[in-house]
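Asker: Got a predicted structure here, sequence first:
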Amino acid sequence: MKKISVSDVLEMPIPERILLVEDIWDSISTIPEAVELTDEQRKLLMNRLEEYRLNPQSGSPWEMVKNRIRKA
């Protein structure tokens with residue numbers, strides 16, 4: 001694999017940079033256990049999970065959230 005520098009990336013057209021970021025994220029998401037969380041992040045996630053378990057109807061489906069974001 002060819003190594004590229006930050007300056008190489010910054011010279012790429014925006015659409016290519018977006019694809020690069022997507023490729024990088026996809027490679028990270030295949031091994032979620034490799035992403036280390038701080039104690040604070042872990043606590044926040046556990047609190048959110050507990051809130052969801054107590055009231056699973058309080059959230060919004062992804063499609064509704066996505067539509068709200070796109071309208072903003």
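Answerer: Received, thanks.

Asker: any idea how far the residue nearest the centre of the chain lies from I69?
Answerer: Among the residues of the chain, the one closest to the centroid is W25, at 7.6 Å (C-alpha atoms, centre = their mean). Note on W25: its distance to I69, by C-beta to C-beta, to the nearest Å, is 18 Å. C-beta: built from backbone N, CA, C; applies to glycine.

Asker: Give me the local confidence score for the residue nearest to the centre of the chain.
Answerer: W25 is assigned a pLDDT of 93 by the prediction.

Asker: before we move on, what about G59?
Answerer: Predicted confidence (pLDDT) for G59: 86.

Asker: Surely it touches Y52?
Answerer: Yes - taking contacts as C-beta atoms under 8 Å, G59 lies within contact range of Y52: 6.4 Å.

Asker: Overlap of the contact sets of the two?
Answerer: Here G59 and Y52 have no joint contacts, going by C-beta atoms under 8 Å, 6 or more residues apart in numbering.

Asker: With just CA atoms, put the helix or strand that contains E16 into CSV.
Answerer: Using DSSP states H and E, the element containing E16 is helix 14-29. Output of helix 14-29 as CSV, limited to C-alpha atoms (Å, rounded to 0.1, in the frame of the first residue of the first chain):
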residue,chain,number,x,y,z
ILE,A,14,-13.2,17.1,-2.0
PRO,A,15,-15.2,14.2,-3.4
GLU,A,16,-12.1,12.0,-3.3
ARG,A,17,-11.3,13.1,0.3
ILE,A,18,-14.8,12.2,1.3
LEU,A,19,-14.4,8.7,-0.2
LEU,A,20,-11.1,8.4,1.6
VAL,A,21,-12.7,9.3,5.0
GLU,A,22,-15.5,6.8,4.3
ASP,A,23,-12.9,4.1,3.6
ILE,A,24,-11.0,4.9,6.7
TRP,A,25,-14.2,4.9,8.8
ASP,A,26,-15.3,1.6,7.3
SER,A,27,-11.9,0.0,8.2
ILE,A,28,-12.3,1.2,11.8
SER,A,29,-15.9,0.1,12.2
